[in-house]
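*Asks:* Based on what follows, work out the 3D shape:
(chains A, B and C)
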Amino acid sequence: MTVGRRKWEVEQRRPSRTRRRGAIHLGMLMLVMSVVFPLGAASLEKQVQQIATELRCPVCQGLSVADSPSQMANQMRDLIRERLEAGESPEAVKAYFVERYGEWILLAPKKEGFNLLVWLFPFLGLAGGAVGLLVVLKRWRQRPATTGRASVDPAYLEKVRREMAQDQS
Amino acid sequence: MTAQLGNIALWIGLVVALYGAAAAVFGRRRQSGVLLESAYTAVLVHCALVSIALLSLEYALITSDFTIEYVAFNSSRNYSVWYKIAGLWGALEGSLLLWAWMQAVLAAQVVLMYRRKHRDFIPYVSAVLMGISAFFLLVMLIPANPFETHFPVPAEGRGLNPLLEDTSMLVHPLLLYSGYVGFTVPYAFAMAALMTGRLSEEWLYITRRWAVTAWVFLTSGIIYGGWWSYHVLGWGGYWAWDPVENASIMPWLAGTAYIHSVMTQEKRGMLKVWNLTLISLTFALVIFGTFLTRSGILNSVHAFTQGAVGYFFLALLAVILLSTVTLLTYRADQLRTEGAVDSFLSRESAFLFNNLLLITLCFTVFLGTVFPLLAEAVRGVKVSVGAPYFNYVAAPLGLGLLFLMGVGPVIPWRGGSWGSVRRNLMGPGIVGLAAGGVTFVFGIRGPWVVATYALAVFVSAIVVQEYYRGIRARQRTAGEGPLRALGQLFSRNRRRYGGFIVHLGVALLAIGIASSSAFQMEREKMLNKGEVLDVGGYQVRFDRLAGSEGPTHVKVQGIFTILNDRHEVGHMRPGLRFYERQQEPIAEVDYWIGLKEDLYLILGSFDREGSWAVVKVLVNPMVSWIWIGGIIMALGTLIALWPARSRFAASAGEKP
Amino acid sequence: MKKVLVPLSVVPLLLLLAYGFWTDPRNVPSPLIAKPAPPFALTLFDGEHLKLEGLRGKVVVVNFWASWCFPACYEEAPVLEAAWRAYKDKDVVVVGVNVQDTEKAAKEFMDRFQFTFPNGPDPGGKISIDYGVYGIPETFVLDKAGRIAYKHVGAVTAGVLSAQLESLLQQAPRASDSKGGHDRGS
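*Replies:* Numbering: from 1, shown residues only, chains lettered A, B, ... in the order given. Sure, this is the predicted structure:
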């Protein structure tokens, strides 16, 4: 009883401070939530959007689920949102669709196996081309220069010849 | 009656084209003037005949002659005369006729302009052009006849595909076809060069001008197509890497590589074989694109009906590829270059790297487009290759090209010293880096976006710098005022200063693409009457629905009020058009265009009583920069192409 | 001799493009064949409820349709109704799933073709997506063990449907591991 009373007394002695502290805590919590919650919601929308850009709309001609205005795409976006909210990872959500539609539903082919051909080609092509170009350039530079007419541009010579022929005719 | 006239014109046209091709080749080999003249006359007669066929079909369209099946399927009595005319290219058969006609006209133009001056060449050029024309006529006569008749005669036509009922339909296909068909001429010249084993300077001059002209049409057509997609298709985007879009960008990339690389041949006499390869590649890609669109082997928004037409185009592609590659392989030695690249740091080198990037991108797009087919053949599984892949590969290559665009025109021919190059690039380089820094400070963190802004500003700064230097130089040496100096710059060196403007246009385009891709804001919500949706500083309030009836459809519009900070700014009316024959309605988007951003509304589903509607609101930053950039590119090319008063005077004063 | 290889290198590309004529870009093969059919619960138009699991042991035809899907759904509707009437006493159930439609239009469609088999709407499109539907009409035939035996895209014909039903009816109802195997189970 004394404990309780003392506690009560103690609490009585600093009500305004407690209340103020409580108010501050509550205010901070609300502030944090008002920032985090929409942020959380925003990042959910962003995730939905991100996944939607990677999936192909099944009833359209090559549009992504994000871009397509069709009803099916709408339903798919809703489904993506639901599954993300239920705690599934983006990978799992995509896998769900792949299980039902096949790899075709992914707008960019999976980076494995034969598909690597299409992912690696641009870089290998560029690198190979650059190397080839440098080799060719080097070889040309080492070629002995043509003698005699080297100082005159063959293209320019031709132009002069042509114009002279025209002036004469 | 009209159908029979058209058919007869096409049949005779085919025979005349075949005769013209044969006579040209034989006449050239036997040096028979009579045969050659008859071959050229054949080209002109062919043009007249195809024109008759075209006019017949147009006449049938304008008078709504539904005995002809093509008219019944692609036109309607209720259409304005413009859409009736546009019906010519609304579907497969008519589009082939348009192509054949454009080609016939160009062939006639080539013959009339050059037959006296280039007796060596023109026979082969004419033969190639007639051969290709004959092919198109053959396709029209056998699998895809525009003059098929249809009984019983329907009372009303089906009308165009509803997606095509837009003003853009009157422009976009014409621009694109001019580009595609335009590339046939430099290709024919290239084939003639290989067949004769000669490449005169005149050849180069002619081919370059035709190629650049075709290029500007193709560029305009592609960008206009993006505009059409953005404003009509109703998904808020302008480029989807659809197979048919890719089919147009591939010849564009190869063509761009060609018009740059050919300058090296002009200045230094180099890369002759490479240039022949490039222009052949460009044309082969044009035919490949036509094949893709009309064969139905790939799923696409644009796909025309498939059928036997695909086999014909594959055959054409095979003939062209095999003959061209064979000629290149066996005749290339006769055309080997004399000049050589002197230094790594030279204009020639820059052009070669420009080619490397463009051709790599071209082949990458090609591989991505046919990969689904390849994967199915090899793995038996269907895969998709879409926008995420293409954007991923295009971005770095595009940035590399932007960089070269800035640096290339400033590096001298035959090599420059690092010191001089550094001096030239220092100012613009600093400006570019500063721009990148500014965007970073403003909170933009995406590396691609920052890099694009920095490089685009860099390119623009170089353009400004070079113009400034050119004007200052003329002021000092010729004592001209700045405006006159500017005019003189244009008239004395159109290529260089027109080209700068084209590069400036590309920089703007790049900024537009980067901004609209990275910072697009999008929200979709079901709004009850009076409810407001907040997107990017705008508030969109749903007011009500409104319905109306058109000749071929029923339209439902959503009326929305747009507010900015609680002030009413205006109304927008996105709608949906419901056609009887189609399940999904066609979206009619409403948009406000601005320099800073576009506001874009798409109507989704709605309640019939009008109590709610689903609306998708997009705020697309700086999309207008893309269209403005495109217009500037076209203007720049026009300046570069403008004929000089006297060729000699112009080229004498030409700065490298 | 080596030079001739260059033109010949073009041939593989042409062959690949020719191969394209054999494939149909619009046809997407389903990965669900021979897998257990995704379960669903339908609230039928007449108010009853139907669960797919409750139909285990019977051959089930699941048909996705809509009233706006013209002409294919209109062509196959009589085929489905006829199949139902012919086979309902033989342990076959025909179930119709109505997608992206309004109740009024759906009921009109059902009246027009005098559907007596169970039909229900698919709100939110979940069942369609679960089955990997990408274009209607689509018909799935499930074997007695509840696995998807066959998928037909487009209007299904009487011949195809009865052939599938006959072959599946001959299978034993046990969920055995081999698809077509016979066993002595009840």
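*Asks:* show me the contacts for the most centrally placed residue in chain B.
*Replies:* For chain B, the residue nearest the mean C-alpha position is B:Leu218 (2.8 Å; Cα atoms, centre = their mean). Listed by Cβ atoms under 8 Å, 6 or more residues apart in numbering or on different chains, the contact partners of B:Leu218 are B:Leu175, B:Leu176, B:Ser178, B:Gly179, B:Tyr180, B:Gly182, B:Phe183, B:Ser248, B:Pro251, B:Trp252, B:Gly255. Any C-beta I mention is one placed from the backbone N, CA and C, and that applies to glycine too.
*Asks:* how close does the nearest residue to the last one once chain neighbours are set aside sit to B:Leu317?
*Replies:* With sequence-adjacent residues excluded and distances taken as Cβ to Cβ, 6 or more residues apart in numbering or on different chains, B:Gly255 is closest to B:Thr282, at 4.6 Å. B:Thr282 is 14 Å from B:Leu317, where distance means Cβ to Cβ, to the nearest Å.
*Asks:* how about the residues of chain C near chain A?
*Replies:* C:28-32, C:38, C:100, C:124-126, C:128-135 (Cβ under 8 Å from any Cβ of the partner chain).
*Asks:* switch the cut-off to 10 Å
*Replies:* C:25-26, C:28-32, C:35, C:38, C:99-100, C:122-126, C:128-136 (Cβ under 10 Å from any Cβ of the partner chain).
*Asks:* surely B:Pro396 meets B:Leu357?
*Replies:* Yes: contact criterion Cβ atoms under 10 Å: B:Pro396 and B:Leu357 qualify, at 9.4 Å.
*Asks:* Name the residues contacting each of those two.
*Replies:* By Cβ atoms under 10 Å, 6 or more residues apart in numbering or on different chains, B:Pro396 and B:Leu357 have these common neighbours: A:Leu126.
*Asks:* With neighbour numbers in mind, choose between those two.
*Replies:* Using other Cβ atoms under 10 Å in any protein chain shown, the more surrounded residue of B:Pro396 and B:Leu357 is B:Leu357, with 23 against 16.
*Asks:* The top helix by length along chain C - contacts with which helices or strands?
*Replies:* Scanning chain C for the helix with the most residues, using DSSP state H, yields helix C:72-87. Under the contact definition 3 or more Cβ pairs under 10 Å, 6 or more residues apart in numbering or on different chains; DSSP states H and E, helix C:72-87 sits against strand C:59-65, strand C:92-98, helix C:103-113, strand C:138-142, helix C:158-169.
*Asks:* for these, which one sits closest to B:Gly610?
*Replies:* Comparing the helices and strands packed on helix C:72-87 by their distance to B:Gly610 (Cβ to Cβ), the top pick is helix C:103-113, with 17.5 Å.
*Asks:* gap between whatever helix or strand comes next after that closest one and the chain center?
*Replies:* Going down the chain from helix C:103-113, the next helix or strand is strand C:119-121, by DSSP states H and E. Mean C-alpha position of strand C:119-121 versus that of the full chain (Cα atoms, centre = their mean, to the nearest Å) differs by 15 Å.
*Asks:* how about the following helix or strand past strand C:119-121 against chain B, any contact?
*Replies:* Sequence-wise, the next helix or strand downstream of strand C:119-121 (DSSP H and E) is helix C:126-130. No: contact of helix C:126-130 with chain B (Cβ under 10 Å from any Cβ) is absent, the minimum separation being 14.4 Å.
*Asks:* Compute the mean per-residue pLDDT across helix C:126-130, please.
*Replies:* For helix C:126-130, mean pLDDT is 92.
*Asks:* Give the other helices and strands that it contacts.
*Replies:* Judged by 3+ Cβ pairs under 10 Å, 6+ apart, helix C:126-130 is in contact with helix A:71-85, helix A:90-101, strand C:59-65.
*Asks:* Is it possible to get a markdown table of those that adds mean pLDDT and distance to B:Arg523?
*Replies:* Converted to a markdown table, the helices and strands packed on helix C:126-130 look like this (pLDDT from 0 to 100; distance: least, Cβ to Cβ, whole Å):
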| stretch | mean pLDDT | distance to B:Arg523 |
| --- | --- | --- |
| helix A:71-85 | 91 | 12 |
| helix A:90-101 | 93 | 20 |
| strand C:59-65 | 92 | 31 |
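*Asks:* and of those, who's closest to B:Phe606?
*Replies:* B:Phe606 lies closest to helix A:71-85 among the helices and strands packed on helix C:126-130, at 12.1 Å (Cβ to Cβ).
*Asks:* Can you name every helix or strand that the closest one contacts?
*Replies:* Under the contact definition 3+ Cβ pairs under 10 Å, 6+ apart, helix A:71-85 sits against helix A:15-54, helix A:90-101, strand B:597-606, strand B:612-621, helix C:126-130.
*Asks:* quick check, the host helix or strand of B:Tyr124 touching chain A?
*Replies:* Counting by DSSP H and E, the element that carries B:Tyr124 is helix B:122-141. No: Helix B:122-141 lies out of reach of chain A by Cβ under 10 Å from any Cβ, never closer than 16.9 Å.
*Asks:* Convert the C-alpha atoms of the very next helix or strand once past that helix to PDB, please.
*Replies:* Next helix or strand after helix B:122-141 toward the C-terminus (DSSP H and E): helix B:172-182. Extracted in PDB, the C-alpha atoms of helix B:172-182 (Å, rounded to 0.1, in the frame of the first residue of the first chain):
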ATOM      1  CA  HIS B 172       4.100   8.900 -90.300                       C
ATOM      2  CA  PRO B 173       3.900   6.100 -92.900                       C
ATOM      3  CA  LEU B 174       4.800   8.500 -95.700                       C
ATOM      4  CA  LEU B 175       7.900   9.700 -93.800                       C
ATOM      5  CA  LEU B 176       9.000   6.200 -93.000                       C
ATOM      6  CA  TYR B 177       8.500   4.900 -96.500                       C
ATOM      7  CA  SER B 178      10.400   7.800 -98.000                       C
ATOM      8  CA  GLY B 179      13.200   6.900 -95.800                       C
ATOM      9  CA  TYR B 180      13.100   3.200 -96.500                       C
ATOM     10  CA  VAL B 181      12.600   3.500-100.300                       C
ATOM     11  CA  GLY B 182      15.200   6.300-100.400                       C
END
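*Asks:* What average pLDDT does helix B:172-182 get?
*Replies:* Here helix B:172-182 scores 95 as its mean pLDDT.
*Asks:* Alright, I will stop here.
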